[in-house]
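S.K.: just coords:
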Ligand SMILES: Cc1ncc(COP(=O)(O)O)c(C=O)c1O
Ligand SMILES: Cc1ncc(COP(=O)(O)O)c(C=O)c1O
Ligand SMILES: O=C([O-])O
């Protein structure tokens, strides 16, 4: 309905806002409109937003409204953003990179690009903790695992890790753990990529592992070294392209009781004897060359596989095959991935968000190409590399190895003046080669390389050798492969039907849609997962991502070719500093947990720089997310838990006591704010002061930053460093379990320690070694958060946080008569999420959190976070993106389920055969015969508990696994 | 499974095909692989493809295998195509156009762009003839109709027409029909766009309508003219931007017993009194400025609305609201749109494919913006136009009208040397203005125009007037609107909930997905609609379409700015000529039916040029598609039907008799080849010779060209001109009912008559006047067919046709023991589709074609074409894109349904309550209570007739309308 004033405008004076853009983002991003806001405020008894916020966020931590405003962060409309992004994209120079070192030019199958990478059905869902509504993603991740197992010839593989370098670091820790922490030496071959070595160095420090880098084939004879050896990492083919036979090395490493870890390449092992066949214990690498763009460093899915013997020690998520209650095959997350929450500081790793979307893309790539297609690609890449080698050798260049797959390292001395002369010729031809030293250059081929590219490359070398250019006709085919006979793969790979069926675009598209039809993402309904901030990721912020000018950039490309990237990185860092109140930012960490680990490592470096390297105590509230203690351990800290009070607040007395008790060794305190109990505690600044007074530093876990933006900030709260989950607050889609970005922001005194990088200078001047393989981590998706911030502008960002608070409080208000709201502040307010306790139902009739969750699926909703941070609770977070209508629909469903539970309590349905226990009720169940049905409620009640579902039934035929799931303490988050 | 030879390649000599690209398109586009092909051939008893084709396509019409080959049409890989398209895109110059004349720079909401325009769920489905699996699109088209009715204030609106100019032509014919063909004068105001006038001229000729162009406000007093007047067309605002009050004109036109037709602008009427409120009988226009890119002319959805009184005469498809058997609201196509097939030459129009996808986009745009949003946009556009006017008037430019919305026509005499001086300044500033004459220039603003653009524009005029440039600060707001008081809109528009709900991106995305979840497109299953060629549209061919360099081009932009477009147009025309064997091509017609009309008009022009303008007889087989007779009538021809024989072949005796009988007046013969009965007839060349011998020309309906490519061609068959449905054979997606492109190719003697265009020179040197508004019709989607042809290459194109034939013949073979295959050739072969006759089932137990169709939905399939071209038949066309697996799945379903019918025949299920009659069985039916269920078969049988559906059930909860549909003779195609 038009307001008359609006309708009359044509006759009135044109508004002075006439020049403002109309496609403004806040209106589109924020669900509730002005009328809805008024409605919610008045339901809560407020006359103004200010009054509401004043009751919700403690006044002592409020920041000035100018801190995050359109003055400090001007807003761009959607079309202005498009033009700005386009201009930045054109500031990147479209050189073609042959730098290699683990990064390739991928050929993304268009059908996968558009229908997975660019599809909200794939990029918006959460980690598949609810198997009934996640079978599609689960199946695809199983395809990924199967592909890795088959290509590497290992017993088991996980569903991705953050990048190759951190996967290597995980393997090192696994080797160390495997020695029961008795053997401290980990050896890395010098054929391992430098960025991997750098990340190993960082990780070794926290665990007190001695990292030795050398020639694995010669240096491992030393007996002292062997006695302390827990593992050896080799790369196959190595960073210089050489293929070495590590078979007897493996035997010798095993003889020393250590593990042999192999970093490898998925395309290479289609031709090379896979590491599993010559005895490797762990095999890892980057899967990106299977159809995932370089993206200036990421995101990419690392893979990780190991022997059966080691499987219980494997980091990351693992999808298992099971059966549903009707006996049909079904998938679920293996429980061990939840172990951080259970084992806390004894967890094997801090991995939480990983790289699900990219793993799915790589798996889809293999599904589309199949084994024969992959082999064709590998053979071509290999053959073209051979052709180049034989061509440039004619000019006097000399390959350092006769055995290679796709990478050549060439000694230029006999042909050109020096390496620089070759690089100069390359620049002139618009291509990048690998810079090694003054005598050597490197080049790596990939699927994207065609015959014209080969000619260009050969002519680069010709030119530097002052030879005349060649043409295609001059290229000679090389007959025999450069893979040693003994290392040629003879075993089959990917024989599974899924990799041998969907090879036409039609079949592939249907397979993608078939899988997605089983899943529930934000494109269907609210996903009110507490602590996960499942807000919609706007199309306008997703569009630039897949432009070739951003997608095709190598992370080690010369900086003058990436001016567009560097500009947006600088702007994003600055904006994040404004938002957090901190001084400097590092975008390197690839997840929240990686951010935690990086932040704590910086704190350690800071203490060390002041001669206080002995400080190693980290205080962590019991309510903290499981990644916190796991990260602390990785940073070499000892975890001391801090109690919480009955009202949910941190026990400041306990904190003070512990801080004083450990004051000589106190390194850090980790605090999540607002707390994981969904309340802004009053005492946060007091808590921080206690820590500072006792020589410690405060790490603020910024997972809940969505409640803070523009209202308070981590610096004001008293923190020294924090991570942000860009995949929560800053609208990077969760991708079904990643990608994520976990940048850290820090105060001035910690800023010098921000992580460096071995190839591209980043971080502070006393920066710790790298925490990720790529200088700016998952650089390409930074575009999303950059766009989000630029389009909301300062005012929009602040308003978004207010609405996030309002939506949660309105929900708390509506549910409070029906459910037990566990915590609220003195004014009766929650923060951006709310915790309801269902313990009473278990006590009275045995109904568990999970029963409520499954029944919510019948209503078309994704359940909230279940049984975390308290086992009998649900943690509910609506975010600012959900409209009042959807929030009300959800509350109606919850209230109706409460009534259904009431019937069970009243004995109208038996305890063990009722509409909650039997939920969910998909088509396959509704279609049961009358005998099989045998339930004290009708099919109508089961399938259409509220009339609106007749119109909008999302979950009509999802898989049905309710009774398959083992009862776990932590089933969600 | 890998062939050992393939696996061994690394050790063998590198293949000589080493340099070939690996991402080749034929492998991805064509469903069956080599093994499948061997299987199918051997099932049919053939040892080679050649032997099979020899039995299928008559040898006398076969063309040399070099005709369409990689020699004549070289193939590009998917990534080569990408680069080529990118290069062409860069050959277009990114000028911003303010040319107007019905074309604007649209701001496409990103959420709609990506999730409708770029989504296979929206672009692949067919016209919604099966309501149970089309409720999503139907609802969206109803939104379109509702939006048009509300904005124009008319009683009824259709679901789109091809473009504004042809919509105007339809209105003229409607006015003529409304006068019972008694009044022959149609008057067009000279404020109507020139391209509309041109199309009216063409259309007037066929009907013998006298088109008079003049000043409607002054020239309509003439009594003689009034006496013969059937209708008047005015444009509001007119092409020069002026807003005139046509209220009293309307009264006077009505007094003369004629209709008042108004071409209008959807954005303007948010501010202007809508034509329905001042008495217009028909209102039409282009909806593209509602979020559809200019695309160098299209595709765009024209709208068409009229008074209730005229509704039975309205052309195009109309969606109606109805109720399903459970009483819930549901939508369906109103039957009248099928009238061509029933009324044949008495049909009111030949419209078949229209612009569904673009209508959906425009509707989604309105859903997203809502009335308040649209008003804001209109007010801004209007206000900025006022600002420009007042700014340039300071330099002495003079607007010809004080009353305007977004368009100014400026007299430059007092300010600049001449119009050319202004255009020169515009070119220098990178913008296009409208060229009118040496004294006037025009400019039109739109939603995309921001304040910087306004400054640029004002400075163009400043520069031509030798004034110094201004800045933003110099812009003065103009207080009062330039819309006359009496013509300001006061009525509300779009009050309906759907336009006032989905205003956040989250809500919008969910609405889009909610609708698509009800529909079945190619992303889910085969759509074996005979005569429709539902092959998959590849992502690689869809990607370039939405690049701004192609999407943002105005159709009347100077040719030196559209070199990329012109190059691809030239290439596409050449390739289509190679494929058809013809001499020249016109890409102007926007659909197959428009192609028919254009081709026949050319034939008429040819006869006229030889002094044989009296030739007006058109022979058409009774089996022809309903558009054929309708098009013939539009071209001014009299239709004489030709019989078909019992074996389905054309009755050559009847043809000869009629041709000779009418030889003095014989104009044309229309033939579809292979025939709509799905067989390559032997006698096609004989038939054509008969026509030529009797002075006629042969029009070949190329809807079935997919069976011909590289094997035969329309020229060899004996045709003189043909149309091609690029949305069939050349893989433009069907869009749920359009867009389409219906180019015509013609022999050398007809080529000079190919259609011209009033603004951009096209066609032959004796070209007929325009048949579409834009010079190259729906230019942007030509990219899809261009990509398809370039990527398949000649060999791939030919192979695709062979596989299309093979798939159909294999299907015929599998079904033939179970169903009555109606027609085949002497060797037992069908063409690319097959016709099965279900008459026996109706006879024995009353089971109709529709019952089989609905039951197929339970099996997860889209039904084939039903009851056309024979009422008791199904016409089935698998296309080359369907894999053997899918073809077999479909055959299995058909065979199983045959068994189910058998049970009914055997009396195991009653005639009126059985699994076919009650089909389909969605969740809402399966969930019925036991009493309501009351059926002689189980829910399992209903929902899961074959076990594979447990895994893959597409149609779990689609709407259920089986018994709602009126029984129609023609329910599909
Ligand atoms: C409070 C809290 N801290 C840390 C994390 C870990 O972040 P990530 O999953 O990005 O590693 C989460 C993730 O849910 C969280 O909720
Ligand atoms: C044989 C035949 N001719 C003509 C047409 C009309 O083509 P269009 O729908 O593009 O107007 C069709 C459409 O199905 C057809 O099958
Ligand atoms: O849409 C058709 O009627 O072919």
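M.R.: That came through fine. Because the structure is a prediction, the values reported are computed rather than measured. Numbering: from 1, shown residues only, chains lettered A, B, ... in the order given. Ligands and ions are numbered 1, 2, ... in the order given.
S.K.: get me the contact residues on chain A for ligand 3.
M.R.: Within chain A, no position lies close to ligand 3 (CB under 6 Å from any ligand atom). Quick note: C-beta positions are derived from backbone N, CA and C, even for glycine.
S.K.: closest approach to ligand 1 from chain A, which residue is it?
M.R.: residue A:592 (2.4 Å; CB to the nearest ligand atom).
S.K.: let me see the contact set for residue A:317.
M.R.: A:127, A:141, A:158-160, A:333-334, A:337, A:351, A:354, A:737 (CB atoms under 8 Å, 6 or more residues apart in numbering or on different chains).
S.K.: show me how far the helix or strand containing residue A:569 is from its chain's centre.
M.R.: Using DSSP states H and E, residue A:569 sits within helix A:563-580. Relative to its parent chain, helix A:563-580 has a centroid offset of 20 Å by CA atoms, centre = their mean, to the nearest Å.
S.K.: next: stretch A:140-153.
M.R.: On CA atoms, centre = their mean, the centre of stretch A:140-153 falls 19 Å from that of its chain.
S.K.: how close does whichever residue of the stretch 201-350 of chain A sits closest to ligand 2 get to residue A:502?
M.R.: Nearest residue of the stretch 201-350 of chain A to ligand 2: residue A:291, at 36.0 Å (CB to the nearest ligand atom). Per CB to CB, to the nearest Å, residue A:291 is found 14 Å from residue A:502.
S.K.: please enumerate the shared neighbours of the two.
M.R.: By CB under 8 Å, 6+ apart, the residues touching both residue A:291 and residue A:502 are residue A:368.
S.K.: buried residues, the helix holding residue A:569. List them.
M.R.: For helix A:563-580, the neighbour count (16 or more other CB atoms under 10 Å in any protein chain shown) marks A:564-569, A:571-573, A:575-580 as buried.
S.K.: so which of these comes closest to residue B:299?
M.R.: residue A:564 (33.6 Å; CB to CB).
S.K.: the closest one contacts residue A:91, doesn't it?
M.R.: Yes. Residue A:564 lies in contact with residue A:91 (CB atoms under 8 Å); the separation is 3.5 Å.
S.K.: and the residue in the stretch 451-600 of chain A that ligand 2 sits nearest to, backbone torsions?
M.R.: Using CB to the nearest ligand atom, residue A:506 is the residue of the stretch 451-600 of chain A that sits closest to ligand 2, at 20.9 Å. Note on residue A:506: backbone dihedrals following degrees, to the nearest 10 are phi -60, psi -50.
S.K.: what residues are up against it?
M.R.: Residue A:506 touches B:31, B:522, B:536, B:881-883, B:886, counting by CB under 8 Å, 6+ apart.
S.K.: same question, residue A:40
M.R.: A:32, A:806-807, A:809-810, A:884.
S.K.: kindly report the same for residue A:844.
M.R.: When contacts are counted by CB under 8 Å, 6+ apart, residue A:844 touches residue A:905.
S.K.: is it in a helix, a strand, or coil?
M.R.: The three-state label given to residue A:844 by DSSP: H, G, I helix; E, B strand; the rest coil is helix.
S.K.: which residue ranges form the strands in the stretch 551-700 of chain A?
M.R.: For the stretch 551-700 of chain A, applying DSSP state E, counting those that start in this stretch gives strands covering A:584-586, A:617-621, A:638-642, A:666-672, A:697-702.
S.K.: rebuild those strands as TSV, extending it with mean neighbour count, mean pLDDT and distance to ligand 2.
M.R.: Formatted as TSV, those follow (neighbours: other CB atoms under 10 Å in any protein chain shown; pLDDT from 0 to 100; distance: least, CB to the nearest ligand atom, whole Å):
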stretch	mean neighbour count	mean pLDDT	distance to ligand 2
strand A:584-586	26	98	56
strand A:617-621	26	97	67
strand A:638-642	18	97	70
strand A:666-672	28	98	61
strand A:697-702	30	98	56
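S.K.: so which of those is nearest chain B?
M.R.: Ranking those by proximity to chain B (CB to the nearest CB) places strand A:697-702 first, at 23.5 Å.
S.K.: how far off centre is the next helix or strand after the closest one?
M.R.: Following strand A:697-702 in sequence order, the next helix or strand is helix A:714-717 (DSSP H and E). Between the centre of helix A:714-717 and the centre of its host chain there is 25 Å, according to CA atoms, centre = their mean.
S.K.: try stretch A:897-917
M.R.: The answer for stretch A:897-917 is 39 Å, by CA atoms, centre = their mean.
S.K.: what does stretch A:889-900 give?
M.R.: Stretch A:889-900 sits 33 Å away from the centroid of its parent chain (CA atoms, centre = their mean).
S.K.: pull the residues that contact that stretch.
M.R.: Here stretch A:889-900 makes contact (CB under 8 Å, 6+ apart) with A:526, A:528, A:811, A:814-815, A:818-819, A:852, A:855-856, A:859-861, A:878, A:914-916, A:945-946, A:948.
S.K.: if we can go back for a sec, in PyMOL, how would I select just the buried ones from the contacts of residue A:317?
M.R.: Remark: buried members of the contacts of residue A:317, expressed as a PyMOL selection using 16+ other CB under 10 Å:
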select buried, chain A and resi 127+141+158+159+160+333+334+337+351+354+737
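S.K.: which among the contacts of residue A:317 gets closest to ligand 2?
M.R.: residue A:141 (42.6 Å).
S.K.: tell me the secondary structure for that closest one?
M.R.: Residue A:141 is classified as helix under three-state DSSP.
S.K.: ok, the residue of chain A closest to ligand 1 touching residue A:739?
M.R.: No. Residue A:592 is beyond contact range of residue A:739, at 11.8 Å (criterion: CB under 8 Å).
S.K.: give me the common contacts of the two.
M.R.: With CB under 8 Å, 6+ apart, residue A:592 and residue A:739 have common neighbours A:353, A:727.
S.K.: avg pLDDT for the helix or strand containing residue A:850?
M.R.: Using DSSP H and E, residue A:850 sits within helix A:849-858. Helix A:849-858 carries an average pLDDT of 95.
S.K.: so what strands line up beside the helix or strand just after it?
M.R.: Using DSSP H and E, the helix or strand that follows helix A:849-858 in sequence is strand A:865-866. Strand A:865-866 pairs in its sheet with strand A:873-876 (antiparallel), by DSSP bridges.
S.K.: quick one: the partner strand near ligand 1?
M.R.: No. Residues of strand A:873-876 are not located near ligand 1 by CB under 6 Å from any ligand atom, the shortest gap being 9.4 Å.
S.K.: what are the buried residues along the helix or strand just after that strand?
M.R.: Per DSSP H and E, the first helix or strand lying C-terminal to strand A:873-876 is helix A:884-905. Neighbour-count burial for helix A:884-905 flags A:884, A:886-891, A:893-894, A:897-898, A:900-901, A:904 (criterion: 16+ other CB under 10 Å).
S.K.: before we move on, what about stretch A:942-951?
M.R.: In stretch A:942-951, counting by 16+ other CB under 10 Å, buried: A:942-945, A:949-950.
S.K.: of all the residues you listed, which comes closest to residue B:555?
M.R.: residue A:950 (45.8 Å).
S.K.: rewinding a little: who wins for neighbours among the contacts of residue A:506?
M.R.: Top of the contacts of residue A:506 by neighbour number is residue B:882, holding 31 neighbours under the definition other CB atoms under 10 Å in any protein chain shown.
S.K.: wait, that one touches residue B:527, no?
M.R.: No. Here residue B:882 does not reach residue B:527: they are 9.5 Å apart, not a contact under CB under 8 Å.
S.K.: alright, I will stop here.
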